[in-house]
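Asker: everything below, folded, please.
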Amino acid sequence: MLKLVKIAVGSAVSIFLADMMGLSYSTAAGIITLLTIQDTSRETIVISVKRIFAFLLATFLSYMVFQLAGYHVFAYGIFLFLFIAYCALLRLSDAVSINAVLVTHYLLERDMSLSLIGNEAGLLLIGAGIGTLLNLYMPGKGTEIRAMQRTLEEDLQRVLLRMSEYIRKEDRSDYTGACFDKLQEDISAGKRQAFAYMNNTFFQESEYFIVYMNMREQQTMVLRDIYKKIISVRTIPVQTEQVSVLLYETAVSFGECNNAVDLLDRLSEILRGMKDSPLPVTREEFEDRAVLYGILMDLEYFLRLKKEFVDSLTKEQIRRYWALGQSEDLF
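Answerer: Have a look, this model is predicted:
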């Protein structure tokens, strides 16, 4: 809805300004605004810059063709062939349509005087300028992303708490992987929001949320492996209670700002204790002890993913997204 309002208002303003400046073909400025407004601020700026470069190319090519072949439709066809080919080569194809229309004004006027070239440049700058200015305003997505972060952490917490509970149970017939479905859906939605946020802001550190969502996605893959191991355990080794407690501690303390160092230290203690424990007696106990060890290795990787995420952050990212991250003014 907002995009439609921008297009309608922007096109009208562009035509009005072109008229006020006495430019010929003023309605073209409105069309340029319409085609300039994209879904994100970055896309709008990129396409506006492309159209300026393409305008210079179109003016040069049309001048050369019209001077050599005259002002008629066949000459315009030659110009289009050359212009489209060069734009494809220079990756300016998005700018073909607008500039092709502007060149028709040279054809209609049968003239390429400096005043007419200036007229076309004015139409382009007004149309693209108004469209770009309007699209610099995008409703903040920070609140939505923050809400999604909280949702993801709640999803992960539920998964970990269920693991903590079911790893101690002998009967796991009702323990399914359905809890991962919502988690994966929320991660996909969070990644879409993160990319939208990055493309509508110009902060150097705006990729924070993308890195965050990728980290959570990797952690989810690790949790799926842990789930498979839990349902394969047939006995309840002595160390199971410690692993269950660690899963619970991870669930309640692994939030956005936790660097997981304390949890990793706790995990190392459990591993040392497991190595010092008496060897399993039966083959079944041995296999289940090995699975339990594998769960701890997976959990260590899960925690290290979080630690690496925190260690990779810049001071600016920490300042912006941790210290002041709850302020909607930032977004």
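
Asker: verify the stated contact: residue 225 with residue 298.
Answerer: Yes - using Cβ atoms under 8 Å, residue 225 is in contact with residue 298, at 5.3 Å. Using the backbone N, CA and C atoms, a C-beta is placed for each residue, glycine as well.

Asker: so which of these two has more stuff around it?
Answerer: Ranked by neighbour count (other Cβ atoms under 10 Å), residue 225 and residue 298 place residue 298 first, with 19 against 16.

Asker: leaving out the residues flanking it, which one is nearest to the more buried one?
Answerer: residue 226 (4.9 Å; Cβ to Cβ, 6 or more residues apart in numbering).

Asker: now for the most centrally placed residue in the chain: which residues touch it?
Answerer: For the chain, residue 195 is the residue whose C-alpha lies nearest the centre (Cα atoms, centre = their mean; 1.4 Å). Going by Cβ atoms under 8 Å, 6 or more residues apart in numbering, residue 195 touches residue 210.

Asker: okay, now residue 16: neighbour count?
Answerer: Neighbours of residue 16 (other Cβ under 10 Å): 15.

Asker: is residue 12 in a helix, a strand, or coil?
Answerer: helix (DSSP: H, G, I helix; E, B strand; the rest coil).

Asker: my guess is it contacts residue 30. True?
Answerer: Yes - under the criterion of Cβ under 8 Å, residue 12 makes contact with residue 30 at 6.8 Å.

Asker: which one of the two has more residues nearby?
Answerer: Set side by side, residue 12 and residue 30 show more neighbours around residue 30, with 25 against 13, by other Cβ under 10 Å.

Asker: excluding its backbone neighbours, what's nearest that one?
Answerer: Counting by Cβ to Cβ, 6+ apart, the residue nearest residue 30 is residue 11, at 3.7 Å.

Asker: contacting residues around the one you found?
Answerer: So residue 11 contacts 30-31, 33-34 (Cβ under 8 Å, 6+ apart).

Asker: distance between the ends of stretch 20-28?
Answerer: Length of stretch 20-28, first residue to last, Cα to Cα, to the nearest Å: 14 Å.

Asker: from the contacts of residue 11, which land in helices?
Answerer: Under the assignment DSSP state H, the contacts of residue 11 contribute 30-31, 33-34 to helices.

Asker: in those, which residue is surrounded by the most others?
Answerer: residue 33 (29 neighbours).

Asker: sorry, back to before: out of the contacts of residue 11, who's nearest residue 170?
Answerer: For the contacts of residue 11, the minimum distance to residue 170 (Cβ to Cβ) is 66.5 Å, reached by residue 34.

Asker: report pLDDT for that closest one.
Answerer: Note on residue 34: pLDDT of 85.

Asker: that one touches residue 7, doesn't it?
Answerer: Yes - with contact defined as Cβ under 8 Å, residue 34 counts as touching residue 7 (5.3 Å).
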